[in-house]
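Student: Attaching a predicted model along with its sequence, questions to come.
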Amino acid sequence: MNKYQKLTKNTLIFFIGDTGSKIAAFFMLRYYTSVLTTSEFGIVDLIITTSTLLLPMITLGINEGVFRFSMDRELDRSKVLSIGLSITLAGNLILLILIAAIPLPYEFWNYRTLIWLICITSGIRDIVANYARGIERTKLFAISGVIQSVIQIAAAIALISGLQLKIQGYIYAMSIANTLTAVIIAVAIRKEFRFRIRLDKVLLKRMLVYSIPLIAHLICWWAMSSIDRYVILAQLSTSDNGMYSAASKVPLLITTVSAVFFKAWQLSSVDEAKSEDKEAFYNTIFKLLNITLVLTSMALLILIRPIYSILVGAAFDGCWQYTPFLIISVIFSIFASFLGTNYLAMMETKGAVYTSAAAAVVNLILNILFTKRFGISGTAFATMISFIFLWIIRRLNTAKYVKIAVDYRKFIPTYLLLLSQAFIIATGNSLYYVQAILIALVVWINFGDIMQIIKRTVYHLRPTH
């Protein structure tokens, strides 16, 4: 099996499990926006966003270490798992003590015990799931995503509609799904699932040296992806955050699908880290990513208004106008993540920290300035500019590992056309015929690359004997 076939196989496995489940959850958006007010939906979004920030800090980013070190067949993998679970449990105990003692003057902070509940259940699930992925139980890892989604949907309907728990019901459903998924994975890998009370201090130090620099990276990445919520909360309202959260759901779907690819890509990038033709491999995959993301995004944008008329309740009408810039943000965040796998593969995580931190600062400044002047549209535009900036500095910084060739004669016109489509929609217009022309121009500009990618994909993926 060649490297393209291996990447494709792993991507398909993760796609079947992850994407199917996430798409099911995505279509629950209509249900959530029908039973929750914009303010309640905004609070739920802030609870989840805050837990996403806290989790890597209290666990020292150890879930990444569990994945990376459990891939090493020369190690006693049970020691890796034990270290991951121990740090996660200890960190969550400290968090529980802290949130009980710290008051904050925001409505959503009244739900801080729910933040902790998400942290502990997500933390344990992440450790168990990453361990399964690291020991190459990829099918189990993928299937667990479907199981988690089914449990969460069933629990959400029962708790929100049945027991009228609203915000609490949403979070309880997530926590139940996290817990049961972790238990199911643990039972499935019970032969490899051994917990040791005494931790290997040498291995612990190695894992922390690898994982701790990633905390800053994860926090900065969180800031890039989520600080806009807090700027909206400070300058606008929880209701506006609910609208922004709803507008983020289609871009989030793109991120979810791409995350499936990156789970497979992480495995390939580690395997190919010292390969002689690594650069050609990276460039082929980047071309494929670029064309696929642009055409998919433009197709989604031309349909964005009818999509949101189906997906969200009446209270969220108009949120589709904020989506275009967020979709472009997602494209460049994917590009940045693609380059970021170099840091993990080479175990040089400082570069990930520096680039993410620089972009996070730019993001915060632009969000404050643009949100105050242009409202939610300004927030989305600021986020887009920040991710473009992140991709540029990562491309420069990772050139020492691998050089990505970009044909700017095609690249710049392509993204100017995509940006033009985004502006049409952001101003509240549809102009479908103009959008169709823009898409046709993008296909015409990139037609040679599109055909080349199709031919190379067929060649590399054909069966070998």
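Tutor: On my side now, so go ahead. These figures come from a predicted structure and were not determined experimentally.
Student: host element of K191?
Tutor: Counting by DSSP states H and E, there is no helix or strand that carries K191.
Student: burial count for it?
Tutor: The number of residues packed around K191, counting by other CB atoms under 10 Å, is 6. C-beta coordinates here come from the backbone N, C-alpha and C atoms, glycine included.
Student: The one 10 residues further on too?
Tutor: Burial measure for K201: 9 neighbouring residues, criterion other CB under 10 Å.
Student: could you check the distance from it over to R68?
Tutor: According to CB to CB, to the nearest Å, K201 and R68 sit 19 Å apart.
Student: ok, and what's touching stretch 154-161?
Tutor: Outside stretch 154-161, the residues within contact range by CB atoms under 8 Å, 6 or more residues apart in numbering are 28, 31-32, 35-36, 165-166, 168-170, 172-173, 176-177.
Student: Repeat the analysis, applying 10 Å as the threshold.
Tutor: Here stretch 154-161 makes contact (CB atoms under 10 Å, 6 or more residues apart in numbering) with 25, 28, 31-32, 34-36, 162, 165-177, 180.
Student: Helices - which of those residues land there?
Tutor: 25, 31-32, 34-35, 167-177, 180 (DSSP state H).
Student: Now restrict these to buried residues only.
Tutor: Neighbour counting with 16 or more other CB atoms under 10 Å marks 25, 32, 35, 167-177, 180 as buried within those.
Student: Among those, find me the one that's closest to L301.
Tutor: L301 lies nearest to A25 out of those, by CB to CB, at 22.2 Å.
Student: And the closest one, what's its pLDDT?
Tutor: Here, the pLDDT recorded for A25 equals 62.
Student: what about the protein, any weak spots by pLDDT?
Tutor: For the chain, the stretches with pLDDT under 70 are 1-27, 105-106, 108, 214, 217, 221, 256-278, 341-349, 453-465.
Student: for the protein, which helix is longest?
Tutor: helix 201-235.
Student: Report the buried residues of it.
Tutor: 203-204, 206-208, 210-211, 213-233, 235.
Student: Quick one: list the elements packing against that helix.
Tutor: Packing contacts for helix 201-235, counted by 3 or more CB pairs under 10 Å, 6 or more residues apart in numbering; DSSP states H and E, involve helix 38-59, helix 62-70, helix 77-101, helix 238-247, helix 323-345, helix 350-374, helix 376-397.
Student: CSV for these, including distance to I424 and mean neighbour count?
Tutor: As requested, the helices and strands packed on helix 201-235 are exported to CSV (distance: least, CB to CB, whole Å; neighbours: other CB atoms under 10 Å):
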stretch, distance to I424, mean neighbour count
helix 38-59, 26, 23
helix 62-70, 40, 26
helix 77-101, 45, 19
helix 238-247, 16, 25
helix 323-345, 8, 24
helix 350-374, 17, 19
helix 376-397, 13, 22
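Student: With distance to G134 added, can I get the ones you listed in TSV?
Tutor: Shown next, in TSV, are the helices and strands packed on helix 201-235 (distance: least, CB to CB, whole Å):
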stretch	distance to G134
helix 38-59	16
helix 62-70	3
helix 77-101	8
helix 238-247	32
helix 323-345	13
helix 350-374	19
helix 376-397	25
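Student: quick one, which of the ones you listed is nearest to R190?
Tutor: When those are compared by CB to CB, helix 77-101 sits nearest R190, at 11.8 Å.
Student: and stretch 366-376, how far out from the chain's middle?
Tutor: 24 Å (CA atoms, centre = their mean, to the nearest Å).
Student: likewise stretch 94-112?
Tutor: With CA atoms, centre = their mean as the basis, stretch 94-112 stands 26 Å off its chain's centre.
Student: That stretch spans what distance, first to last residue?
Tutor: Stretch 94-112 has an end-to-end distance of 14 Å (criterion: CA to CA, to the nearest Å).
Student: which residues are in contact with that stretch?
Tutor: By CB under 10 Å, 6+ apart, stretch 94-112 touches 39, 42-47, 49-51, 54-55, 57-59, 113-117, 119-120, 123, 167-168, 171, 230, 233-234, 238, 241.
Student: can I assume L431 is in contact with L301?
Tutor: No - using CB atoms under 10 Å, L431 makes no contact with L301, being 11.4 Å away.
Student: who's in contact with V443?
Tutor: Counting by CB under 10 Å, 6+ apart, V443 touches I291, V294, L295, M298, T414, I450.
Student: Now do the same contact list for the last one.
Tutor: Under the criterion of CB under 10 Å, 6+ apart, the neighbours of I450 are K287, L288, I291, T292, L295, V442, V443.
Student: next one: the fourth one
Tutor: Counting by CB under 10 Å, 6+ apart, M298 makes contact with I327, T414, L417, L418, Q421, A422, Q435, A436, L438, I439, V442, V443.
Student: Going through the residues you listed, which ones are buried?
Tutor: I327, T414, L417, L418, Q421, A422, Q435, L438, I439, V442.
Student: In helices, which of the contacts of I450 fall?
Tutor: Filtering those for helices - DSSP H - leaves K287, L288, I291, T292, L295, V442, V443.
Student: Of those residues, which is the most crowded?
Tutor: V442 (23 neighbours).
Student: and that residue, how far is that from V330?
Tutor: Where V330 is concerned, V442 sits at a distance of 17 Å (CB to CB).
Student: can you check I167 too?
Tutor: I167 is 27 Å from V330, by CB to CB.
Student: what separates the spatially most central residue of the chain from L326, distance-wise?
Tutor: The structure's the chain has its C-alpha centroid closest to T255; by CA atoms, centre = their mean the separation is 5.3 Å. Going from T255 to L326 by CB to CB gives 10 Å.
Student: T50 too?
Tutor: As for T50, its distance to L326 is 20 Å (criterion: CB to CB).
Student: ok so, going back, okay, the angle between the longest helix of the chain and helix 323-345?
Tutor: 160 degrees (axes from the mean of the first three to the mean of the last three CA atoms, to 10 degrees).
Student: Return the distance of helix 201-235 from the chain's centre.
Tutor: 13 Å.
Student: Next, the angle helix 77-101 makes with that helix.
Tutor: Interaxial angle of helix 201-235 relative to helix 77-101 (the same axes, to 10 degrees): 40 degrees.
Student: From what I see, A299 and I439 are in contact.
Tutor: Yes - counting by CB under 10 Å, I439 is a contact partner of A299 at 7.3 Å.
Student: which ones are touching F325?
Tutor: 247, 251, 377-385, 387, 419, 422-423, 425-426.
Student: before we move on, back to that, for V80, state which of the contacts of I450 is nearest.
Tutor: Closest approach to V80 among these (CB to CB): L288, at 33.0 Å.
Student: any idea how far T138 is from that closest one?
Tutor: 21 Å.
Student: before we move on, back to that, take the contacts of M298 and lay them out in CSV including distance to K403.
Tutor: Output for the contacts of M298, formatted as CSV (distance: CB to CB, whole Å):
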residue, distance to K403
I327, 27
T414, 20
L417, 26
L418, 24
Q421, 30
A422, 29
Q435, 34
A436, 36
L438, 30
I439, 30
V442, 25
V443, 27
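Student: Narrow those residues to those in helices?
Tutor: I327, T414, L417, L418, Q421, A422, Q435, A436, L438, I439, V442, V443.
Student: residues contacting the fifth one?
Tutor: Q421 makes contact with 297-298, 301-302, 304, 324, 327-328, 431, 434-439, 442, according to CB under 10 Å, 6+ apart.
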